[in-house]
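[1] how would this look folded up:
(3 chains)
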Amino acid sequence: MPMSPSHPVIDSLSALRETTELRFHGRGGQGAVTAASILVQAALLEGKWGQAIPSFGAERRGAHVLAFARIAPRPVPVHSMVRRPDVLVVLDPGLLMVERDRVLAGIKPGVKIVANLPEPIDLGGIGARLYVVNATRIAKELGLVVAGWPVVNTAMLGALARATGLVSIDAVMEAIRLFWEARPKIAEANAMAAKRAYEELQEVTSTRHD
Amino acid sequence: MAVSESEQRRGVVAVIEPGGHKLPLSMAGPGAMGKTGYWRTQRPVVNYERCTGCYLCWLYCPDNVIEMVPGKGPRGQDIPVIDYDYCKGCGVCAAVCPVKAIDMVDESKFLAKEKEEGDGNA
Amino acid sequence: MPKLLAMRGNEAVAYAAKYARVEVVAAYPITPQTIIVEKIDELISKGEMDAEMIHVESEHSALAATYGAAAGGVRAFTATSSHGLMYMYEVLWWTAGSRIPVVMAVVTRAMGPPWNIHVSHEDILATRDTGWLVSMAENNQEAFDLTLQMFRITEDPRVYLPGIVGLDGFILSHTVEPVELPDQETVDEFLPPRRQPYVMEPGEPKAMGNLVPDEYFEELRMDMQQSMENAVKVIREVGREYAKYFGRDYSELVECYKCSDADYIVAGTGSWMGDAKIAADKLREKGYRVGVMRLRWIRPFPWSDVREAAMSKKAVIVMDRSLSTGHAGPLFLELSSALEAKPSMIGVPAGIGGVDISYEDIERFTEKAIQLVEEHGRVYIPAMWYHLGKIFPTYPSSNVKLD
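    I've put the predicted structure just below:
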């Protein structure tokens, strides 16, 4: 029986091995799920394949919530959650402290951690590459505050683009504009947040094994 | 819609083209289950002298077998005419008649009479 | 020009209803389905979709209103999940028995108690006996494609039965993936104007569903069975046509991944079958020849395809995201019967209530099943639970001794 062309005939495992797997950590209401979705749209704009998976439970505003994403050069037939991330995106400055074990669970050696932090912190020798940006300040400066909370997710996408090169900053900004197509002012502020975070991102090398 | 008459079998299942499916569909028309008047054991008989032509029996008849004929009563009133081919003899008309103009009469009396007269239509 | 957009499975289904020019939608909200009808409401309010949305007070009414509109001659659509589907259950039978084509999306979700909004197949598989066609998508593109095709399949005079498109709750419904949306003109060419066996309309009185003699009732069921068999042919035709218009071929009711040279087949339905393909590749690296057989269609049951793909194999490992409590998973029972249990059959209930099952889990229980076959020879294990990395006692527990 021929393989269904609804998936091109590929070797599923090698497709998976070309995949970058990401896990987003945020608090309910910070937009981790939205960030993962916009990342997929940015990947599509560059001819890549992407997938954004929310994880839903009984979480409410403020609780630790996860979202997952995968970016690959071609479609991958996978739908389970990301268990061994190549990249972590941490939207909330407190989570690396109060939920450290959950945030760092299952990380691959050499994982890139892109964190919203006012200043670098020492994570110890966990074999990670830590990148920090003060997304909270960027969001506040651009007036991206909703119901009292700085909206940091779009800034973090800019930081992610810089740290990983998975997508270009131009694609991130265009995907942001597509997401808020009907509200160009909001779109522009968010695109600007991504750009600023892209420019301000710093790598902290102290958490490498070497 | 093409409905094959021969396939309608007492009118309760229609075969529809294209596709040739049997469907749980009955088309409008009297007597899908045959002449159900033979189910009757009591026959409603109208006393037109008493009948006021009020239409209540016509309104209540659950089988819709009473037709009102305008102006044909002895006092020129509208009168009910019962279709005995389909009347099942339920007696609702007799029960609702406000002037007791309908009597329920044992059907066997009519059957005996019809047999005498050589008329098999019941 | 077709356009490629990142969207959730629920939005893909809503777009399919729009492209199919659905005229009436009646629905009642339930997680994880709600986004479908919210999106349709949005498309209607923006003027992008010309349809009437009927807000009803329950799912029973949602399907009744959808069915009523369809009986009145328009293309109609609804969507539900879990408890909502159970509340519709009576109307499922009325719709199928009436032979009126209707399309519904079922976003799979566990049945309570306790409350659980995550994926399980116990809701959709409870529709197996109702006379609806039942399909299951593996990804969001397929959820879109199957929905569009379902209108053409159900409205084919050889079929005239309603159809369900299943997509896994959250795993597809809320996951964002690339979905290619076609041109409306191409869809209009692919999807002919609605056909149905009869139309309920003023001026041509008829009655549906009258009490009929028992033997007629039985003959109506025989006709539905024949129509299901016709549907196999229609699905293949429509799937082939779909490839001509949109480039994706759906002529197979069963998708086979590396089955031809396989000794062992992992079988199942839904979104986790993609992970099963990766697991098969990982097991192949270990030297086990494993293939994957994914049921895209549950009803009509792809009997001959399944037999062709798996009859001669050493073992078939059936992943079931639901359980007929007291026996085995529904797909295990169906596949065992179609395959006359000639291969070793191992049923694996897993991932119930949304427990995440990855290619690593599938690799683990498949390897365990293979080892059982290699150790014991032919085995028949209706239910070998897999839960959080461990194999649990089988049903019946006396069947095969596990360590």
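[2] Please, which helix or strand holds C:Val292?
    strand C:290-295 (DSSP states H and E).
[3] Residues in contact with the helix or strand that comes right after that strand: which ones?
    Per DSSP H and E, strand C:290-295 leads on to strand C:297-299 as the next helix or strand towards the C-terminus. Applying C-beta atoms under 8 Å, 6 or more residues apart in numbering or on different chains, the contact partners of strand C:297-299 are C:124-125, C:127-128, C:132-136, C:166, C:228, C:235, C:253-254, C:269, C:331, C:334. All C-beta spots, glycine's among them, are computed from the backbone N, C-alpha and C.
[4] pretty sure A:Lys112 contacts A:Thr164?
    Yes. In this structure, A:Lys112 is within contact of A:Thr164 by C-beta atoms under 8 Å, at 6.0 Å.
[5] mind pulling up the phi and psi values for the residue most central in space within chain A?
    With distances taken as C-alpha atoms, centre = their mean, chain A has A:Val89 as the residue nearest its mean C-alpha position (4.6 Å). Per-residue torsions, A:Val89: phi -120, psi 120 (degrees, to the nearest 10).
[6] returning to what we had before: tell me which of the contacts of strand C:297-299 fall in helices.
    Judged by DSSP state H, those include C:Ile124, C:Leu125, C:Met228, C:Ile235, C:Leu331, C:Glu334 as members of helices.
[7] Report how many residues lie close to the fifth one.
    Neighbourhood size, C:Leu331 [other C-beta atoms under 10 Å in any protein chain shown]: 24.
[8] ok, now the first one?
    Under the neighbour criterion other C-beta under 10 Å, C:Ile124 is assigned a count of 31.
[9] what does the third one give?
    Taking other C-beta under 10 Å as the criterion, the count of residues near C:Met228 is 17.
[10] Equivalent analysis for the last one, please.
    Applying other C-beta under 10 Å, we find 21 residues neighbouring C:Glu334.
[11] what about the residue lying closest to it once chain neighbours are set aside, distance to C:Thr127?
    Using C-beta to C-beta, 6 or more residues apart in numbering or on different chains and skipping residues adjacent in sequence, the residue nearest C:Glu334 is C:Phe301, 6.1 Å away. From C:Phe301 across to C:Thr127, the span is 13 Å (C-beta to C-beta, to the nearest Å).
[12] now swap in A:Val33 and tell me
    The value you get for A:Val33 to C:Thr127, if C-beta to C-beta is used, is 30 Å.
[13] CA atoms of the strand holding C:Val292 as PDB?
    Extracted C-alpha coordinates of strand C:290-295, given in PDB (Å, rounded to 0.1, in the frame of the first residue of the first chain):
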ATOM      1  CA  VAL C 290       8.400  -2.500  12.600                       C
ATOM      2  CA  GLY C 291       5.800  -0.700  10.500                       C
ATOM      3  CA  VAL C 292       2.800   1.500  11.400                       C
ATOM      4  CA  MET C 293      -0.700   1.000  10.200                       C
ATOM      5  CA  ARG C 294      -2.900   4.100  10.900                       C
ATOM      6  CA  LEU C 295      -6.700   3.800  10.500                       C
END
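[14] Direction included, what does it pair up with?
    strand C:254-257 (antiparallel), strand C:264-268 (parallel) (DSSP bridges).
[15] And the contacts of that strand?
    C:136, C:138, C:253-269, C:273, C:276-277, C:279-280, C:283-284, C:302, C:306, C:309-310, C:316, C:331, C:366, C:370.
[16] Any residues of chain C in contact with chain B? List them.
    C:97-99, C:157-158, C:160, C:197-198, C:204-210, C:212-213, C:216, C:219-220, C:223, C:227 (C-beta under 8 Å from any C-beta of the partner chain).
[17] out of these, which are buried?
    Neighbour-count burial (16 or more other C-beta atoms under 10 Å in any protein chain shown) applied to the residues of chain C next to chain B gives C:97-99, C:157-158, C:160, C:197-198, C:206, C:208, C:212, C:220, C:223, C:227.
[18] and the two most separated of the residues you listed?
    Distances among these were taken as C-beta to C-beta; the most separated pair is C:Arg158 and C:Val212, at 23.3 Å.
[19] Retrieve the pLDDT associated with B:Thr36.
    Per-residue confidence (pLDDT) for B:Thr36: 87.
[20] and the gap between it and B:Cys90?
    For B:Thr36, the distance to B:Cys90 - C-beta to C-beta - is 11 Å.
[21] can you tell me which of the buried ones among the residues of chain C next to chain B lies nearest to chain A?
    C:Arg158 (23.3 Å; C-beta to the nearest C-beta).
[22] what residues are up against residue 22?
    As the question left the chain open, I've gone with chain A. Neighbours of A:Leu22 in contact, by C-beta under 8 Å, 6+ apart: A:36, A:39, A:68-71, A:82, A:85-89, A:160.
[23] could you do chain C instead?
    Neighbour list for C:Val22: C:Met49, C:Ala51, C:Arg75, C:Ala76, C:Phe77, C:Val103 [criterion: C-beta under 8 Å, 6+ apart].
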